[in-house]
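K.L.:
here is my input, please return the structure:
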Amino acid sequence: MQDLEGKVAVVTGAGSGIGEGIARAAAQAGMKVLVADIDIEKAQVVAADIGESAHAFEVDVSNLESVEAMRDAAVERFGAVHLLCNNAGVWIGALMHDADIKDWQYLINVNLYGVIHGVRAFLPLLVAQGEGHIVNTASMGGLISGPPEGLYTTTKFAIVGLSEALLMEVADKGVGVSVLCPGLVNTNLITQSFAVRPEAFDSGIDHQQPAPDVAAGIPPLAVGEQVIDAVRESGFYIITHDDYRDIIAGRHEGILDALDAHAKRYGSTSGRAM
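P.N.:
Down below sits the predicted model:
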């Protein structure tokens, strides 16, 4: 989708952080933008600053009906949707051996179901019009993992897998797909994750695990600009940092080594049913 002028973008979690960066970059590219966030006041501030091409909308991505209402509002306001950025996400640092089920549920409801709900609500619309692009925000934690982010990376690995499958599913339908895997970005992700956490999913546990040093990260707008570049170029993986190359390479080398070891011990199993 090379020509973005006049097209419509819907961005969740756009009241701050990466979502705000994407919304601003989309507007700079000439797009109309629905700035969606669970914190409507933050969304309104961003939309007002962008100007007449933007509109704020309150959404809870963990709720399918709320996401469907967002879709309907975007179509009613702008007439169409061309770019969906399933970006809203939250973070908890916790070791799996002492994490409460509410910690798991909170992350899965927002990080994973937020993407699922976006795809469910918007994909039929994009396929029907034969044009569009979906960007799902995962994380570098969707490609590599380790404590104390096991819960978080579980959701982000799932988003990468979902996005890879979706790319193949819609390849012949005029819909592009990208998965955003940022490293450290200077956002309020940590504080906002606690601020918007519903009481029903508050475990009340202080896990006392170190949080990522987000203040040392790159600006959100820089990420947003990379997202827009990927949409224009139909790029799938959007990687914002090269710091993790050796770790990612090591992970994949370990998988390939396991395949080689299997073949050496058991011989080829090509073509056999799983």
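K.L.:
every contact and neighbour count from this point should use C-alpha atoms.
P.N.:
Noted.
K.L.:
where does the chain have low pLDDT?
P.N.:
For the chain, applying pLDDT under 70 flags the ranges 269-274.
K.L.:
quick one, helices of it?
P.N.:
Taking DSSP state H as the criterion, the chain carries its helices at 17-28, 40-50, 64-78, 101-107, 113-129, 150-169, 189-195, 220-233, 245-266.
K.L.:
for those helices, which one ends up most surrounded?
P.N.:
helix 17-28 (a mean of 26; mean count of other Cα atoms under 10 Å).
K.L.:
which secondary structure elements does that helix contact?
P.N.:
strand 8-12, strand 32-37, helix 40-50, helix 220-233 (3 or more Cα pairs under 8 Å, 6 or more residues apart in numbering; DSSP states H and E).
K.L.:
hmm, back to that, dump the helices of the chain to CSV, plus distance to residue 239.
P.N.:
Formatted as CSV, the helices of the chain follow (distance: least, Cα to Cα, whole Å):
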stretch, distance to residue 239
helix 17-28, 14
helix 40-50, 25
helix 64-78, 27
helix 101-107, 22
helix 113-129, 19
helix 150-169, 12
helix 189-195, 19
helix 220-233, 9
helix 245-266, 10
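K.L.:
what's the closest of the ones you listed to residue 87?
P.N.:
Among these, the nearest to residue 87 by Cα to Cα is helix 17-28 (6.0 Å).
K.L.:
now the closest one - C-alpha only, CSV.
P.N.:
What follows is helix 17-28 as a C-alpha-only set of coordinates in CSV (Å, rounded to 0.1, in the frame of the first residue of the first chain):
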residue,chain,number,x,y,z
GLY,A,17,4.1,5.6,23.5
ILE,A,18,4.6,3.5,20.4
GLY,A,19,0.9,3.9,19.4
GLU,A,20,1.2,7.7,19.6
GLY,A,21,4.3,7.5,17.4
ILE,A,22,2.5,5.4,14.8
ALA,A,23,-0.5,7.8,14.8
ARG,A,24,1.7,10.8,14.3
ALA,A,25,3.8,9.1,11.6
ALA,A,26,0.6,8.0,9.8
ALA,A,27,-0.7,11.6,9.9
GLN,A,28,2.6,12.9,8.6
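K.L.:
just the angle between that helix and strand 32-37, please?
P.N.:
Going by axes from the mean of the first three to the mean of the last three Cα atoms, to 10 degrees, helix 17-28 is angled at 170 degrees with respect to strand 32-37.
K.L.:
gap between helix 17-28 and the chain center?
P.N.:
Helix 17-28 sits 13 Å away from the centroid of its parent chain (Cα atoms, centre = their mean, to the nearest Å).
K.L.:
please apply the same query to stretch 159-169.
P.N.:
12 Å.
K.L.:
could you export that stretch as PDB, CA atoms only?
P.N.:
The C-alpha trace of stretch 159-169 is given here as PDB (Å, rounded to 0.1, in the frame of the first residue of the first chain):
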ATOM      1  CA  ILE A 159       1.500 -12.500  18.200                       C
ATOM      2  CA  VAL A 160       4.500 -13.300  16.000                       C
ATOM      3  CA  GLY A 161       3.000 -16.800  15.200                       C
ATOM      4  CA  LEU A 162      -0.400 -15.300  14.600                       C
ATOM      5  CA  SER A 163       1.000 -12.700  12.300                       C
ATOM      6  CA  GLU A 164       3.100 -15.200  10.300                       C
ATOM      7  CA  ALA A 165       0.000 -17.400   9.700                       C
ATOM      8  CA  LEU A 166      -2.100 -14.400   8.900                       C
ATOM      9  CA  LEU A 167       0.400 -13.200   6.300                       C
ATOM     10  CA  MET A 168       0.100 -16.500   4.400                       C
ATOM     11  CA  GLU A 169      -3.700 -16.600   4.800                       C
END
